[in-house]
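Asker: here is my input, please return the structure:
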Amino acid sequence: MRIHFIAIGGAVMHNLAIALKRKGNQVTGSDDKINDPAKTNLEREGLHPKTIGFSADNITPDMDAVILGMHAREDNPELLKAQELGIKIYSFPEYIYEVSKNKQRVVIAGSHGKTSITSMVMHVLKEAGMDFDYLVGAKVKGFDTSVKITEDAPIIVLEGDEYLASPVNREPKFMFYKPNAALISGIAWDHINVFPNYDDYVKQFEKFAYTVQEWGFLTWFMHDEELKRIFNRFDAKVRTRPYDTHPAVIRNNITYLQTEFGDVALKIFGEHNLQNIAGAKNICNELGVFNEDFYRAIATFEGAANRLQLVGSKDGTHIYRDFAHSPSKLKATVNAMKEQFKNNKLIAVMELHTFSSLNESFLNEYEGTMNAADVPVVYYDIETFAHKKMEVLKPDDVKIAFANQRLQVFTDKASLENFLLSQNRNNANLLLMTSGNFSGMDIEALSNKILNQ
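Answerer: Numbering: from 1, shown residues only. Modelled structure (predicted):
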């Protein structure tokens, strides 16, 4: 088939393009901006557009399909041309469903933890020698791309995002997959630019639960208040199984799962990950993996990229980076670091970067989220507000919203770096959290300076 991607530079979009090219399709794409790692990955595969920008000339009548990214707008010239020519237009979740109709579809959803749980399931299935396709929102060790699509794999494991599918199909992505098995990790308000009403955001997950196919399987975190309300009235013909936090103990800064086979040492940590493991275990059991095989595999799982990822350590000092940006993710990550390293001072830095986090009306959702940190720090780039066409936050408003007298706020990258370099690293850990990049900060170089000064 001949397939064209409008907005090919997206994290999932460019990986899907690569996967389809490797299947033997003729793939082209366009975008108005492509950053790494997409730029390097597309260049390596010969898929990087010759010119940057959108043009109606890129759309030709011989195309079989156009896959439309959320980054494009409704008046995109390529989209208009494709509509004019009557070419089939898909959002990427619609296309994924189209090519996985005959597979057992497993969808991992939730406001937090879905990337980690999807990665855990992928890792365990691979260690068990099972054949499966997948779509996940981060780089996972042992997998060279974040999307795999084949003809023969009987299972596909999908990270189910609640964000909108495309500019012309404004339903959450996870609504299109029609899972045979699914997981919902929890609900915490996010994406206020498309779900400005909290109740409307919660409603998306209830609607998703009803997309699980008849007599399919659905597992959910039993202590989430919104999920409890949903499943108290849930009446679909679906097998449900709630999960709890997996029992564990911490010894010498290592977390051990407590199992019927004895204690299992983990390479990851945090109460949220113990919840994620319990949910992943339910899904893997549903797919035919025995408990003993699950625990053997999960012991070697190192986490998805940028999810409590160790950047460097020396003499008892550890530096981690994490994708945390929403209130629930931020609190879980900060608490996990403090619980794992009880005797270390914790310097925790988070960047306000997303539309929700930069919005003054949402900011109060962060109240108390960084209280476990000994040195809590918030950073944001003034230029980000201009790019998103938003009113600039005042540092004092940020401090009030977080309700933390110890909170320090920086809006200049150099000042933030100097502050971190000035901290005494003896018995101290540094946690850097962002869905952005701290205005282009070289985290590896900064970490080396901190560890070796």
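
Asker: end to end, how far does stretch 312-324 reach?
Answerer: Start-to-end span of stretch 312-324 (C-alpha to C-alpha, to the nearest Å) is 19 Å.

Asker: same check, this time on stretch 391-406
Answerer: Criterion C-alpha to C-alpha; first-to-last residue distance in stretch 391-406 is 25 Å.

Asker: distance from the chain centre to it, please.
Answerer: How far stretch 391-406 lies from its chain's middle: 26 Å, per C-alpha atoms, centre = their mean, to the nearest Å.

Asker: same question for stretch 81-92.
Answerer: 28 Å.

Asker: go on, stretch 180-197?
Answerer: Using C-alpha atoms, centre = their mean, the offset of stretch 180-197 from its chain centre is 12 Å.

Asker: neighbouring contacts of stretch 153-163?
Answerer: 70, 96, 100, 103-109, 111, 114-115, 118, 121-122, 125, 130-137, 149, 172-174, 177, 179, 182, 190-191, 194, 201, 204-205, 208, 287 (C-beta atoms under 8 Å, 6 or more residues apart in numbering). From N, CA and C alone the C-beta is placed, and that goes for glycine too.

Asker: and the strands in the stretch 1-150 of the chain, which stretches?
Answerer: 2-6, 26-30, 65-68, 88-91, 104-109, 132-135, 147-148 (DSSP state E, counting those that start in this stretch).

Asker: which of the ones you listed is buried the deepest?
Answerer: Mean neighbour count (mean count of other C-beta atoms under 10 Å) peaks for strand 104-109 among the strands of the stretch 1-150 of the chain, with a mean of 27.

Asker: on that earlier part again, CSV for the strands of the stretch 1-150 of the chain, including mean pLDDT?
Answerer: Shown next, in CSV, are these (pLDDT from 0 to 100):
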stretch, mean pLDDT
strand 2-6, 97
strand 26-30, 97
strand 65-68, 97
strand 88-91, 95
strand 104-109, 98
strand 132-135, 97
strand 147-148, 94
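
Asker: let's have these in CSV, adding distance to residue 53.
Answerer: Converted to CSV, the strands of the stretch 1-150 of the chain look like this (distance: least, C-beta to C-beta, whole Å):
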stretch, distance to residue 53
strand 2-6, 12
strand 26-30, 7
strand 65-68, 16
strand 88-91, 20
strand 104-109, 34
strand 132-135, 27
strand 147-148, 25
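
Asker: looking at the protein, which helix or strand does the model trust least?
Answerer: Within the chain, no helix or strand scores below helix 382-388, which has a mean of 84 by mean pLDDT, DSSP states H and E.

Asker: ok, and what's touching whatever helix or strand comes next after that helix?
Answerer: Sequence-wise, the next helix or strand downstream of helix 382-388 (DSSP states H and E) is helix 395-402. Helix 395-402 has contacts (C-beta under 8 Å, 6+ apart) with 352, 360, 363-364, 366-370, 376, 378, 380, 405, 407, 409, 411.

Asker: 10 Å instead, please
Answerer: 327, 330, 350, 352, 360, 362-371, 376, 378-380, 393-394, 404-411 (C-beta atoms under 10 Å, 6 or more residues apart in numbering).

Asker: residue furthest from the geometric center of the protein?
Answerer: residue 61 (36.0 Å; C-alpha atoms, centre = their mean).

Asker: hmm, residue 4 and it touching each other?
Answerer: No. Judged on C-beta atoms under 10 Å, residue 61 makes no contact with residue 4 at a distance of 11.8 Å.

Asker: common neighbours of the two, please.
Answerer: With C-beta under 10 Å, 6+ apart, residue 61 and residue 4 have common neighbours residue 87.

Asker: return the residues in contact with the residue farthest from the centre of the chain.
Answerer: Residue 61 sits next to 81, 85, 86, 87 when contact means C-beta under 10 Å, 6+ apart.

Asker: and residue 285, how many neighbours does it have?
Answerer: 15 (other C-beta atoms under 10 Å).

Asker: residue 65: which of the contacts of residue 61 is nearest?
Answerer: Within the contacts of residue 61, proximity to residue 65 (C-beta to C-beta) peaks at residue 87, which comes in at 6.9 Å.

Asker: burial count for the closest one?
Answerer: 18.

Asker: could you do the one 5 residues further on as well?
Answerer: Counted with other C-beta under 10 Å, residues neighbouring residue 92 total 25.

Asker: ok, now how distant is it from residue 342?
Answerer: 43 Å (C-beta to C-beta, to the nearest Å).

Asker: same check, this time on residue 260
Answerer: Counting by C-beta to C-beta - residue 260 and residue 342 are separated by 28 Å.

Asker: filter the contacts of helix 395-402 to the buried ones?
Answerer: By neighbour count, with 16 or more other C-beta atoms under 10 Å, the contacts of helix 395-402 hold 327, 330, 350, 352, 362-363, 365-366, 369-371, 376, 378-380, 393, 404, 407, 409-411 as buried.

Asker: can you give me the helices for the stretch 251-400 of the chain?
Answerer: 271-286, 291-298, 327-340, 382-388, 395-402 (DSSP state H, counting those that start in this stretch).

Asker: tell me the pLDDT at the spatially most central residue of the chain?
Answerer: Centroid-nearest residue in the chain, with C-alpha atoms, centre = their mean: residue 115, separated by 4.5 Å. pLDDT recorded at residue 115 is 94.

Asker: thought it was touching residue 308?
Answerer: No. Between residue 115 and residue 308 there is no contact under C-beta under 10 Å: 11.6 Å.

Asker: list the buried ones in stretch 422-434?
Answerer: 425, 428, 429, 430, 431, 432, 433, 434.

Asker: count the neighbours of residue 309 for me.
Answerer: 18.

Asker: where's it relative to residue 381, distance?
Answerer: Distance from residue 309 to residue 381, by C-beta to C-beta: 22 Å.

Asker: run a quick neighbour tally on residue 36.
Answerer: Using other C-beta under 10 Å, the number of residues around residue 36 comes to 9.

Asker: got a list of what the closest residue in space to residue 159 that isn't next to it in sequence touches?
Answerer: Nearest residue to residue 159 in three dimensions, chain neighbours excluded: residue 118, at 4.3 Å (C-beta to C-beta, 6 or more residues apart in numbering). Contacts for residue 118 (C-beta under 10 Å, 6+ apart) come out as 106-109, 134-138, 140, 146, 157-160, 183, 276, 280, 283, 304.

Asker: what's across from the closest residue in space to residue 374 that isn't next to it in sequence in the sheet?
Answerer: Sequence neighbours aside, residue 345 is the residue nearest to residue 374 in space, at 4.6 Å (criterion: C-beta to C-beta, 6+ apart). In this entry, residue 345 is beta-bridged to residue 428, by DSSP bridges.

Asker: test my guess that residue 383 contacts residue 440.
Answerer: No. With contact defined as C-beta under 10 Å, residue 383 does not count as touching residue 440 (11.1 Å).

Asker: between these two, which has more neighbouring residues?
Answerer: Neighbour count, other C-beta under 10 Å: between residue 383 and residue 440, residue 383 has more, with 11 against 8.

Asker: okay, now the spatially closest residue to the more buried one that is not a sequence neighbour: neighbour count?
Answerer: Of all residues not flanking residue 383 in the chain, residue 439 sits nearest, at 7.8 Å (C-beta to C-beta, 6+ apart). For residue 439, the count of nearby residues is 19 (other C-beta under 10 Å).
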